[in-house]
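# just a sequence and a predicted model for now, questions to come.
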Amino acid sequence: MINLRLNIDKTSGFVSKDEIKLFRSEIELHYQNIYNKTGKGNEFLGWATLPEEISSSIIDNIEKDAAILSKISEVVVVIGIGGSYLGSKAVIDALSNNFPQLSKTSERINPIVLFAGQNIDEDYMHDLLSVLDKKDYSIIVISKSGTTTEPAIAFRILKKHIEKKYGKSNARERIIAVTDKSRGALKKLSDAEGYTTYVIPDDVGGRYSVLTPVGLLPIAVAGFDIRKLVEGAKNMQHYLREEKDLEKNPAALYAVVRNILYRKGKTIEIMANFTPVMANLTEWWKQLYGESEGKENKGIFPAGVNFTCDLHSMGQYIQQGLRNIFETVISIEQPRSKIEIPNDPENIDGLNFLSGKRYSFVNKMAEQGTLLAHVDGGVPNICIILPQINEQNLGELIYFFEIGCALSGYILDVNPFDQPGVEDYKKNMFALLGKPGYEELARELKSRL
Ligand code: PA5
């Protein structure tokens, strides 16, 4: 059995049971294409069977290396962009204290994980280097292609810093690379320097790679149980593969319902959470779905909101703006901690009707009230329910979203595993930076600026 539940009751005014049933044979075909690795982009379907294929020796090695880095580091900098950082950031944030940087070192046995190479901001890098001047640190540099500009430049800067701080040979012990088994500049550099390296399987694309060392190594460094994460994903893998009934198969149902809504003009999906630690899970999901589906002038636009905060900003638009939105809520049943609202004999704020109630009860009522208001306002609601945030449930959620994304991309009839559009900005950037070979494009672009 799985812990994750999908509730589509609040799409009923927009999507009928009969419309869902029409997708039965199509979903069966897409599932076959995923598991037999015969669908569009089939050279990148390795992630589909990854949870049950991850060898215990890889997990052992990851845990061993994570323990070594943890012992010598107050901070571990993960360098990567897109699929090479969003998954680990999402899981680490979801499992962490809300204020990890401020929690006392004595309460923390694992290093703080910081990220670099996901932007090219000079001030960000400057501030990071200032932190690293004062902290013992290590680096995990991640790039599947090994040639992505942002992480490559960040690594050049940080490599210099760490070598200056510890000396070249000690620095080497503090750097782990995760990259392709044979191609790319990062692989070449790692071989030349003798870094410990982990391989990203050929058939797993960046945004589907959180359950490879790309995600598992940083998550283990942060002190979380990667075995339970993988176990959760494996559990979901088995459940989805065995459950042939579309209506009982949550990933299939999610893919079908969102596509029915899309065909009815609901072209924007807003992922909402009521739990701040889940904010970066939305960022990971946005990349997974946006990069997988947004092509050939098609695709649902994935957006995100953090409630109740954003009810005081985006809430207005969601309630009454253009009716091209549907909402998917990640609903967490049990918080990790317990706080009751105190009684106040003065009751000047008039809140004594809440005395003794859990803080989370207020959050739950806000969630349910919002759901009904948005549905009444013409925004269909899909609800993904997790009993609580832990490694096992996040593993289930990740795999659920990955399969949902592949099925959804196939329903949309696109290749959910490529990203041809990402190249365009890179070409322009290289030309403007004066990279050899781009001279003609540089002239043309400069004349337009
Ligand atoms: O999903 C993808 O493939 C991309 O988002 C990549 O993860 C991203 O561009 C980083 O690529 P790389 O790991 O090759 O540096």
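Structure received.
# not counting residues beside it along the chain, what's closest to the residue nearest the centre of the chain?
Residue closest to the mean C-alpha point of the chain, counted by CA atoms, centre = their mean, is Trp284 at 2.3 Å. Using CB to CB, 6 or more residues apart in numbering and skipping the chain neighbours, the partner closest in space to Trp284 is Ala90 (3.9 Å). C-beta coordinates here come from the backbone N, C-alpha and C atoms, glycine included.
# that older thread, does the residue nearest to the centre of the chain really touch Tyr85, like I thought?
No - Trp284 lies out of contact with Tyr85 (CB atoms under 8 Å); the separation is 9.4 Å.
# common neighbours of these two, please.
When contacts are counted by CB atoms under 8 Å, 6 or more residues apart in numbering, the set common to Trp284 and Tyr85 is empty.
# got the residues of the protein near the ligand?
81-84, 143-145, 148, 151, 205-207, 291, 419 (CB under 6 Å from any ligand atom).
# among these, which ones are in helices?
Filtering these for membership in helices, criterion DSSP state H, returns Pro151, Glu291.
# and for Asp18, the neighbour number?
7 (other CB atoms under 10 Å).
# actually, Asp245.
By other CB under 10 Å, 9 other residues sit near Asp245.
# just to revisit the earlier point, and the residue nearest to Trp284, what is it in contact with?
Each residue near Ala90 by CB under 8 Å, 6+ apart is listed here: Val210, Asn280, Leu281, Glu283, Trp284.
# hmm, try it at 10 Å
Neighbour list for Ala90: 210, 215, 219, 277-285, 287, 394, 397-398 [criterion: CB atoms under 10 Å, 6 or more residues apart in numbering].
# out of those residues, which are buried?
For those, a burial check counting by 16 or more other CB atoms under 10 Å picks out 210, 215, 219, 277-285, 287, 394, 397-398.
# wait, which of the residues you listed is closest to the ligand?
Gln287 (6.2 Å; CB to the nearest ligand atom).
# name the SS class of that closest one, please.
helix (DSSP: H, G, I helix; E, B strand; the rest coil).
# hmm, it is touching Gly87, no?
Yes - counting by CB atoms under 10 Å, Gln287 touches Gly87, with 8.9 Å between them.
# which residues are common contacts for the two?
Gly206, Arg207.
# which element is Phe115 on?
strand 112-116 (DSSP states H and E).
# picking that back up, what's the angle between the helix or strand hosting the residue nearest to Trp284 and strand 112-116?
Taking DSSP H and E as the definition, Ala90 sits inside helix 86-95. Interaxial angle, helix 86-95 versus strand 112-116 (axes from the mean of the first three to the mean of the last three CA atoms, to 10 degrees): 150 degrees.
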